[in-house]
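Peer 1: Give me the fold of what follows.
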Amino acid sequence: MKTPVAVLLLLWSALVVVAAERGGLHLEATDAAAASTQQSYLSEFRAAQRQMIAQMAEQREELRLAKAQIEELKSGVKPSNVAFSTSFSVKTDQHIGPFKTDTTLLFDCVFTNVGDAYDKTKGLFTAPCNGVYMFNYHIFAGGDHGAGAKLLKNKDQVVAAYNHVAPHDINTSQSVILQLQEGDTVCLLLEAGWWVAAYTGHLTTFSGHLLFP
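Peer 2: Presented below is the predicted three-dimensional model:
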């Protein structure tokens, strides 16, 4: 038969073992909770990282668009604002032509030149952007010679307007809609043997504008 001291020692040993087991279980539970919390923090961090990357991409695109708008403003040409209207600048009524060779008409009296696409020193319109443009011209002249002009796109004839010799003043006009690429040029050509009036009343005119880009 075991003595009370031995019994107490056995009971104490059992309590220590139970306490140790309970402590081990507590540590395991604590470790599992810590791991779960760490995984949750990692998921939240990755989600925030993805959101930050998406926001940075949006900001880069907004910056690109802002730079493009600034460059457009610097150029002073907006695709929706291109138009010109011209005639001849003279102090007395006169005629231009007839010449022995074809000659580009220099319309040097500029009423409107929105977008600065028309060059009065060359009589040349240069498309500042891709788009559909409309051009109009009206020719007035005396009847001693045939009067008219040809409209050229990049030096190739597109349309012409002409009126033959008559015992009175003559008129002719033309309109055309063209699809142009940026850099394409348009001008009026006076054919050899033709003439046009350059009067102070601006009866001969040349104009054009962008319909839509």
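Peer 1: how far does stretch 176-184 sit from the chain's center?
Peer 2: Averaging C-alpha positions (Cα atoms, centre = their mean, to the nearest Å) puts stretch 176-184 16 Å from its chain's average.
Peer 1: brain fart, stretch 123-136
Peer 2: Distance, stretch centre to chain centre, for stretch 123-136: 16 Å (Cα atoms, centre = their mean).
Peer 1: what does stretch 45-54 give?
Peer 2: With Cα atoms, centre = their mean as the basis, stretch 45-54 stands 33 Å off its chain's centre.
Peer 1: same deal with stretch 89-108?
Peer 2: The chain centroid and the centroid of stretch 89-108 are separated by 37 Å under Cα atoms, centre = their mean.
Peer 1: Same check on stretch 112-123?
Peer 2: Counting by Cα atoms, centre = their mean, stretch 112-123 comes out at 21 Å from the chain centroid.
Peer 1: in it, what's buried?
Peer 2: 113-115, 117-119, 123 (16 or more other Cβ atoms under 10 Å). C-beta coordinates here come from the backbone N, C-alpha and C atoms, glycine included.
Peer 1: Serialize those residues to CSV and add fields for pLDDT and secondary structure.
Peer 2: Output for the buried residues of stretch 112-123, formatted as CSV (pLDDT from 0 to 100; DSSP: H, G, I helix; E, B strand; the rest coil):
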residue, pLDDT, secondary structure
Asn113, 98, strand
Val114, 97, strand
Gly115, 96, coil
Ala117, 98, coil
Tyr118, 98, strand
Asp119, 98, strand
Gly123, 98, coil
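Peer 1: farthest pair in those?
Peer 2: Taking Cβ to Cβ as the measure, the buried residues of stretch 112-123 span a maximum distance of 17.9 Å, between Val114 and Gly123.
Peer 1: could you point out which element follows the least confident helix or strand in the chain by mean pLDDT?
Peer 2: Lowest mean confidence among the helices and strands of the chain (mean pLDDT, DSSP states H and E): helix 4-75, at a mean of 68. As assigned by DSSP states H and E, the chain's next helix or strand after helix 4-75 is strand 83-87.
Peer 1: How about residues contacting that next one?
Peer 2: Residues outside strand 83-87 that contact it (Cβ atoms under 8 Å, 6 or more residues apart in numbering) are 107-115, 117-118, 120, 125, 202, 204-210.
Peer 1: Please name the strands paired to that strand in the sheet, noting orientation.
Peer 2: Strand 83-87 sits in its sheet next to strand 109-114 (antiparallel), strand 205-212 (antiparallel), going by DSSP bridges.
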